[in-house]
Each structure stands twice: as structure tokens, then as C-alpha cells.
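1. Predicted model and sequence below, questions to follow.
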Amino acid sequence: QVQLVESGGGSVQAGGSLRLSCTASGNTYSLGWFRQAHGKEREGVASIDSDGTTTYADSVKGRFTISKDNAKNTVYLQMNNLKPEDSAMYYCAADFVLGWSPDLINYWGQGTQVTVSS
């Protein structure tokens with residue numbers, strides 16, 4: 001059983017930056033982030049495999065960076081140049097491939113809110 005504990009998030013003005021963290025207990029082959037804005041479906045944002053391969057949604061490429069500290073089993077999402085449309089609840093997830101339906105994912109964090117004001 002994998003447990004995911006998130007931290008980070010908050011409120012920032014457009015153009016600002018935030019960093020999310022997620023620590024996993026147990027072994028995983030990938031970690032990453034989804035987000036869900038109010039009234040919208042949950043969508044994949046970024047993922048990183050056990051070999052360090054990263055994948056990003058087109059909407060965040062060039063602005064968000066996912067990284068992992070293997071010693072801490074923690075994944076980070078550095079979010080720069082934030083836009084109001086990035087406002088959402090961000091969820092850490094484990095053992096998935098970006099592009100999968102959220103219904104196929106077994107491990108989720110509790111979620112952390114990111115709000116970007118214009």
C-alpha cells in the first residue's frame with residue numbers, strides 16, 4: 001500500500017511561483033501530479049518515472065518542472081509563471097502514465113489548493 005503526503009500550494013499572483021511536494025511511502029515506479037479545477041475533470045499535469053524520465057501536459061511545458069529526490073522518496077513540482085487558469089486542486093498520484101484516465105490510478109494524495117489571481 002502506498003501513501004502520499006503533499007505539502008505546498010497556496011495563493012499567488014499571476015506570474016508568480018509555487019512549489020508542491022509529495023512524499024511517498026512504499027515503492028512506486030512513477031510519481032506525478034494531477035489537477036482539478038472547479039467544475040472540470042481531473043487532468044494530468046506531470047509525471048516522473050523511476051529512471052527520471054519526465055512527461056508534461058502541453059499546457060504547463062516550459063513553466064512547470066517535476067523532479068524527484070530518491071533518498072527522500074519525494075517528488076516536487078516547481079511551478080513558475082503561474083496563470084489564473086492554473087488555479088485548481090493539485091493531487092499527487094503514484095504508479096501511472098501521464099495520459100491515463102484518473103479512474104485507473106489507485107494511489108492519490110489528499111490534494112492541495114493552488115490559487116492564482118490576475
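-> Perfect, I can see it now. Residues are numbered from 1 along each chain as shown.
2. Please name the bridge partners of the residue at minimal distance from the centre of the chain.
-> Centroid-nearest residue in the chain, with Cα atoms, centre = their mean: residue 33, separated by 2.3 Å. With DSSP bridges applied, residue 33 shows beta-bridge pairing to residue 46, residue 92.
3. show me the contacts for it.
-> 20, 22, 44-47, 66, 75, 77, 90-93 (Cβ atoms under 8 Å, 6 or more residues apart in numbering). Quick note: C-beta positions are derived from backbone N, CA and C, even for glycine.
4. Could you do residue 34 as well?
-> For residue 34, the contacting residues are 42-45, 90-91, 93, 102, by Cβ under 8 Å, 6+ apart.
5. Just give the number of residues close to the closest residue in space to residue 89 that isn't next to it in sequence.
-> In this structure, residue 89 finds its nearest non-sequential neighbour in residue 111, 4.6 Å apart by Cβ to Cβ, 6 or more residues apart in numbering. Residue 111 is flanked by 15 other residues according to other Cβ atoms under 10 Å.
6. same deal with residue 81?
-> Considering only other Cβ under 10 Å, residue 81 is surrounded by 13 other residues.
7. Surely it is within a helix?
-> No. Per DSSP: H, G, I helix; E, B strand; the rest coil, residue 81 lies outside any helix segment and is coil.
8. Chain neighbours aside, what residue packs nearest to it?
-> Nearest residue to residue 81, sequence neighbours excluded (Cβ to Cβ, 6+ apart): residue 63, at 4.7 Å.
9. All set, thanks.
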